[in-house]
Structures are given as C-alpha cells and as structure tokens.
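Visitor: what's the 3D shape of this:
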Amino acid sequence: MMRRAAALLAVGALLMAACADEGTSTDGEGAGVVLTVFVADEVAAEWTLEGLRSEVEFVTLTIDGDEQSGPRVLDVLAASGVTDWEIAEVLGKGESRSFDIGIEVRADDVGEGWVFDVTNRGTLKLAAADLPREQWVRDAGEIRIP
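Guide: Numbers count the residues shown, from 1 in each chain. Next up is the predicted model:
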C-alpha cells in the first residue's frame, strides 16, 4: 500500500513539474517566442504568435497554388522598429528541416508578396512568389540586420 501511495505521489509530482514548465518552446500556437529580430546584434523585438496577431496585420497569399497566411515580412520589420535597412538574414531550417539555413535578402527585393506563413505546427515559414520554394526558410526564428 505504501509503495502504491509513493508511486502516485511521484507521478503527481512529475505532472505538476511538467505543467509548470514555462520555456520558450515553439511547439504550438502562442507557446513562446517564435521570432527574434536583431539589429546590430541587439534584440530589437521578440515576437510570440499572439503578439504578431495582435500587432501586425495577417494576410493570405496564394503562392504556387498554396495559401500562405501570416504577417508580411515588411510589416514585421516595421512593427519591430526597423525602418531603414539594406540587407537582412533570415535564419531557420531548410526544406527537409534536417539542416539549418540562412538566406540573405535585400530590402529592394522584399515586397508585399513576402510573408511569414504560420504553419500548422505553430512555427513561421518565410515564403515569397519570387523566391524558389527550396529557398523558403522553414521554422524561421531570427531576422538579423547588420
């Protein structure tokens, strides 16, 4: 009887510890910071999905027959206080999500058709009609502006 009570107590303690964890996981909507914007190696903004939804307009674009829904890249940068930039690097995962990728983009190339699609997994994907699909950045987590 004592062993059973001890086992139940241990399971309860583990469940409480798991529920109390407040990490910055991006495994689901609003679960923590999904995108950090850096300017000159300083954090300009940290965005959760909830923060993006409340402060940045979401759009739906059709790219190669697929709907991509989320905030425009230019709107995220503006909401982050970034108004004057020439080059940025977007960091995340490659097409198979098995390797890290960084894509350098020029301000002149980024337009209204560049979007951070919110995926079913609660992560962001950089997508654009004029960017080949193999260069789309999945699980985009950082924008770095020198």
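
Visitor: element containing residue 53, please.
Guide: Taking DSSP states H and E as the criterion, residue 53 maps to helix 49-55.

Visitor: who are the packing partners of that helix?
Guide: strand 33-39 (3 or more Cβ pairs under 8 Å, 6 or more residues apart in numbering; DSSP states H and E). C-beta: built from backbone N, CA, C; applies to glycine.

Visitor: if you set the cut-off to 10 Å instead, what comes out?
Guide: Helix 49-55 is packed against strand 33-39, strand 42-48, strand 66-71, helix 73-79, strand 114-118, with contacts defined by 3 or more Cβ pairs under 10 Å, 6 or more residues apart in numbering; DSSP states H and E.

Visitor: which of these sits most buried?
Guide: Of the helices and strands packed on helix 49-55, the one with the most neighbours on average (mean count of other Cβ atoms under 10 Å) is strand 114-118, at a mean of 23.

Visitor: which other helices and strands does that strand contact?
Guide: Using 3+ Cβ pairs under 10 Å, 6+ apart, strand 114-118 sits against strand 33-39, helix 49-55, strand 58-63, strand 66-71, helix 73-79, strand 124-128, strand 138-145.

Visitor: wouldn't residue 124 be in contact with residue 140 here?
Guide: Yes - counting by Cβ atoms under 10 Å, residue 124 does reach residue 140; the two are 4.5 Å apart.

Visitor: what touches both of those two?
Guide: With contacts taken as Cβ atoms under 10 Å, 6 or more residues apart in numbering, residue 124 and residue 140 have 34, 35, 90, 92, 116, 117 as neighbours in common.
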